[in-house]
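*Asks:* can't give you the sequence, but here's the structure:
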C-alpha cells in the first residue's frame, strides 16, 4: 500500500487503490504521453473490429472505402478526443464525472449502463476466444471450449487487477508484434490480387449507403470510447490526451477497419485470425487472437471495475473486476457472443448520448473544474432529460434509417446539455 501527502495538511493519506477509481488522479501519479499512447493504441488494435471492415470491403471500391474510413475515424476521433481532454483536465473517470452531470444517485444509472454493458462485452470476447480456439484445433467438445474460456478469463481478470500498470506492459509488448503480423498478412493479401493496383480493381459484391458505412466505422468504438477518460485522466496535459486519443482511435482503429476490408476483398474473410487459419498458420493465428483480445478485454474489465467502485462508492476496483469477470464468463458459457450484432447496435444507441451530456454539461458550466466536495443533487432531472431525449432521437435514427445514430445521439445530447448548463450559469449570475 502506498501513501501520498494531502495537499495543505502534510499528513499521509493511505492510497487503497493506485488507480484512483473514485477520486481525481493526483499530479504525481500522472503518466507520460508515450505511456498513454501505448495504452490507448493497445485498446483499439482489436481484431473483432476487422469484421466491421469486412462489411465495408464487400460494399466499396478502394477509393470509396478509404474515404469512408477517414470520415468515420475523424468523427470518432474528435468525439473521443474531447472526452479524453475533459478526463485529463478533471482527473476523473467517466462514471465519476457523471456524478457532476446526473447527480449522486443519477450517476448510478451511468455506472450501471457503462459497467453493465462492458460486462456483457467482456463475455462476448471470452466466448469468441473459446470458439476460435476450438475452431483452430478442431475441437467439438464443449467442455474443452469452456475450459479455454475460463482460463482466458482468469488471465484477463488478473491483468485488470494490476490496473494501468498491467495494461501498459501488456500493450507495450503485444501491440507492436500484432501490428507487424497484421502488416505481413496485409502484404500476403495484396499478393493475392496483384498489389495495390489489383486491389483498386476489385469490384464490390454488395452495396451500402454512405450513412450506414460511416455509422459502422463510428460504431466500432464509440461505446468503449465513451470511457476514454478512465485512461486519459492519467495524462499530464490536455494536449497529451488529445494526441493519444487520435493515435488510438483515428490511426489504430482506422487501420484495423482497413485490414478487415482488405481481408474481405482478397481472401473473402475479414478476420485476420481466420485468414491465418486459411493459410495454415494456426499458431500465428492463435498468437494474434490471444495477444490481441487479452489486452483489450483487460481494458474492459478495468472499465467495469472502476464503474462498480463509483457506483458503490468503494475505494478499490478489484472486487468489481473479479465479480464482473465471473458474470461475464458465465454469460460467455451461455453463448452471449452469438448475439454480437444486436449487442453492438444497442451499445451504439444508448452509450454515446451519455458522453454527449458530459461534454455539453462540462462546456456549459464546469469549465473551471469539477471541485471535490461540491454539493450535488441526488438526481439532476434536466440533464437526465437531455440524455433521454438524445437516446430517443438516436433510437429513432436507427429505426427510420435517417442519419448516423451514434452521431445523432452525441450531438443532440451535447447541444441540449450545453443549453441547460449555460441557462443555469446565467440564472446563478443574475441572482448574485
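*Replies:* It's in. From a predicted model like this one, the values you see are computed outputs, not experimental measurements. Numbering: from 1, shown residues only.
*Asks:* quick one: low-confidence parts of this protein?
*Replies:* Counting by pLDDT under 70, the ranges of the chain that qualify are 1-16, 337-345.
*Asks:* Now do the strands in it.
*Replies:* Assigned by DSSP state E, the chain shows strands spanning 2-5, 12-15.
*Asks:* hang on, residue 181 packs against residue 286?
*Replies:* No - assessed by Cβ atoms under 8 Å, residue 181 is found out of contact with residue 286, at 11.5 Å. In short, each C-beta sits where N, CA and C put it, glycine included.
*Asks:* Need the overlap of contacts for these two.
*Replies:* Shared contacts of residue 181 and residue 286 (Cβ atoms under 8 Å, 6 or more residues apart in numbering): none.
*Asks:* Contact partners for the spatially most central residue of the chain?
*Replies:* By Cα atoms, centre = their mean, the mean C-alpha position of the chain lies nearest to residue 224, the distance being 2.0 Å. By Cβ under 8 Å, 6+ apart, the contact set of residue 224 is 43, 118, 121, 299, 300, 303.
*Asks:* Check residue 207 too.
*Replies:* Contacts of residue 207 (Cβ under 8 Å, 6+ apart): residue 59.
*Asks:* so what's the backbone phi/psi at it?
*Replies:* phi -150, psi 160 (degrees, to the nearest 10).
*Asks:* go on, residue 202?
*Replies:* Taking degrees, to the nearest 10 as the convention, residue 202 sits at phi -70, psi 130.
*Asks:* That one reaches residue 61, doesn't it?
*Replies:* Yes - assessed by Cβ under 8 Å, residue 202 is found in contact with residue 61 at 7.2 Å.
*Asks:* And the two? Which one has more around it.
*Replies:* residue 202 (18 against 15; other Cβ atoms under 10 Å).
*Asks:* can you tell me which residues contact the residue nearest to that one when sequence neighbours are not counted?
*Replies:* In space, residue 202 comes closest to residue 265 once its chain neighbours are excluded; the distance is 4.8 Å by Cβ to Cβ, 6 or more residues apart in numbering. Residues counted as contacts of residue 265 (Cβ under 8 Å, 6+ apart) are 57, 58, 62, 189, 193, 199, 202.
*Asks:* Helices - which of those land there?
*Replies:* 57, 62, 189, 193, 199 (DSSP state H).
*Asks:* Mind jotting down where the helices sit in the stretch 1-150 of the chain?
*Replies:* 33-44, 49-57, 62-90, 94-102, 107-137, 142-161 (DSSP state H, counting those that start in this stretch).
*Asks:* my bad, the stretch 201-350 of the chain
*Replies:* Counting by DSSP H, counting those that start in this stretch, the helices of the stretch 201-350 of the chain are 210-225, 229-232, 238-245, 253-266, 272-278, 282-311, 318-333, 340-350.
*Asks:* which of those helices is buried the deepest?
*Replies:* When you average the neighbours per residue for each of the helices of the stretch 201-350 of the chain (mean count of other Cβ atoms under 10 Å), helix 229-232 leads with a mean of 29.
*Asks:* And that one, what does it pack against?
*Replies:* Judged by 3 or more Cβ pairs under 8 Å, 6 or more residues apart in numbering; DSSP states H and E, helix 229-232 is in contact with helix 33-44, helix 62-90, helix 94-102, helix 238-245, helix 282-311.
*Asks:* Give me the contacts around the first one.
*Replies:* Taking contacts as Cβ under 8 Å, 6+ apart, the residues outside helix 33-44 that touch it are 164, 167-168, 170-172, 174-175, 221, 224, 228, 231-232, 234-237, 240-241, 243-245, 247-249, 251-253, 256, 295-296, 299.
*Asks:* sorry, back to before: can you lay out the helices and strands packed on helix 229-232 as CSV showing distance to residue 138?
*Replies:* Formatted as CSV, those follow (distance: least, Cβ to Cβ, whole Å):
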stretch, distance to residue 138
helix 33-44, 31
helix 62-90, 34
helix 94-102, 42
helix 238-245, 41
helix 282-311, 10
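*Asks:* now for the ones you listed, which one comes closest to residue 363?
*Replies:* helix 62-90 (8.7 Å; Cβ to Cβ).
*Asks:* do you know how far residue 183 is from residue 262?
*Replies:* Residue 183 sits 11 Å away from residue 262, going by Cβ to Cβ, to the nearest Å.
*Asks:* need the contact list for residue 357.
*Replies:* Contacts of residue 357 by Cβ under 8 Å, 6+ apart are 101, 102, 383, 386, 387, 390, 413, 414, 416, 417.
*Asks:* which residue packs closest to the fourth one, ignoring adjacent ones?
*Replies:* In this structure, residue 386 finds its nearest non-sequential neighbour in residue 416, 3.9 Å apart by Cβ to Cβ, 6+ apart.
*Asks:* Report the contact partners of the nearest residue to residue 261 once chain neighbours are set aside.
*Replies:* Of all residues not flanking residue 261 in the chain, residue 57 sits nearest, at 3.3 Å (Cβ to Cβ, 6+ apart). If a contact means Cβ under 8 Å, 6+ apart, then residue 57 has 65, 204, 260, 261, 262, 263, 264, 265, 270 as its contacts.
*Asks:* how does it look with 10 Å?
*Replies:* By Cβ atoms under 10 Å, 6 or more residues apart in numbering, the contact set of residue 57 is 50, 65, 199, 202, 204-206, 257-266, 268, 270.
*Asks:* Repeat that for residue 311.
*Replies:* 22, 95, 107-112, 114-116, 304, 320.
*Asks:* what's the closest of the residues you listed to residue 136?
*Replies:* Nearest member of the contacts of residue 311 to residue 136, counting by Cβ to Cβ, is residue 304, at 28.3 Å.
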